[in-house]
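Participant: show me how the following folds:
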Amino acid sequence: MTRLWLGMLVGVVGVGMLAGCAGPWPPRVPARVVPQGSGVLELRSLGDWDDVEASLLVAASQSQCALVGLSAEGGVWTGEVVSVHDDRAGVRVERDGANGSAGIVLTIEPSPSSDRGVFAAFGEHAVRRLRQLRGVRTAPLDGPEW
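Facilitator: Modelled structure (predicted):
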């Protein structure tokens, strides 16, 4: 009898997990972006520089993307964001001189045939996480801004 209940529980959980993956694509996240010429997305935020990597990793997870070749050299983070549909965009994060040490500029440059909505969502998730972590050591992922 216990095996029967355990089997039913595993089946229900498995079906629930599959249904969770069938959500809308791209995720509906309002992106506050400054469009640049040639399709470049630029987002500005206040945040702590040492939280940039964590914010990008969370953003990749939240927007169903992967970060490839993420590295920091000379005070600039660079890498590539790849969506589940193999759309690609270069990502660059640097300090915003206009806002002092707390200002951060995230620049996303999608390839011409890419879905910009996916990368706008990625950028918005990164900015939200930077704001959540500003001035604190840790913050829950399910905070009020998610």
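Participant: which ones are touching the nearest residue in space to Leu130 that is not next to it in sequence?
Facilitator: The shortest distance from Leu130 to any non-neighbouring residue, by Cβ to Cβ, 6 or more residues apart in numbering, is to Gly47 (3.2 Å). Backbone N, C-alpha and C define where each C-beta goes, glycine included. Neighbouring residues of Gly47 by Cβ atoms under 8 Å, 6 or more residues apart in numbering: 55, 102, 104, 127, 130-131, 133-134.
Participant: for whichever strand or helix holds Val93, buried residues please.
Facilitator: Under the criterion of DSSP states H and E, Val93 resides in strand 88-95. Using 16 or more other Cβ atoms under 10 Å as the test for burial, strand 88-95 gives 88-91, 93-95.
Participant: and stretch 44-60, C-alpha only, in CSV?
Facilitator: Extracted in CSV, the C-alpha atoms of stretch 44-60 (Å, rounded to 0.1, in the frame of the first residue of the first chain):
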residue,chain,number,x,y,z
ARG,A,44,21.1,51.2,-15.9
SER,A,45,20.8,50.4,-12.3
LEU,A,46,22.2,51.0,-8.9
GLY,A,47,23.8,48.0,-7.3
ASP,A,48,27.0,46.6,-5.7
TRP,A,49,29.7,45.7,-8.2
ASP,A,50,30.5,42.4,-6.3
ASP,A,51,26.9,41.2,-7.0
VAL,A,52,27.1,41.5,-10.8
GLU,A,53,28.1,37.9,-11.4
ALA,A,54,25.4,36.5,-9.1
SER,A,55,22.8,38.7,-10.7
LEU,A,56,23.7,37.6,-14.2
LEU,A,57,23.5,33.9,-13.2
VAL,A,58,20.1,34.4,-11.6
ALA,A,59,18.9,36.3,-14.6
ALA,A,60,20.0,33.5,-16.9
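Participant: nothing else from me, thank you.
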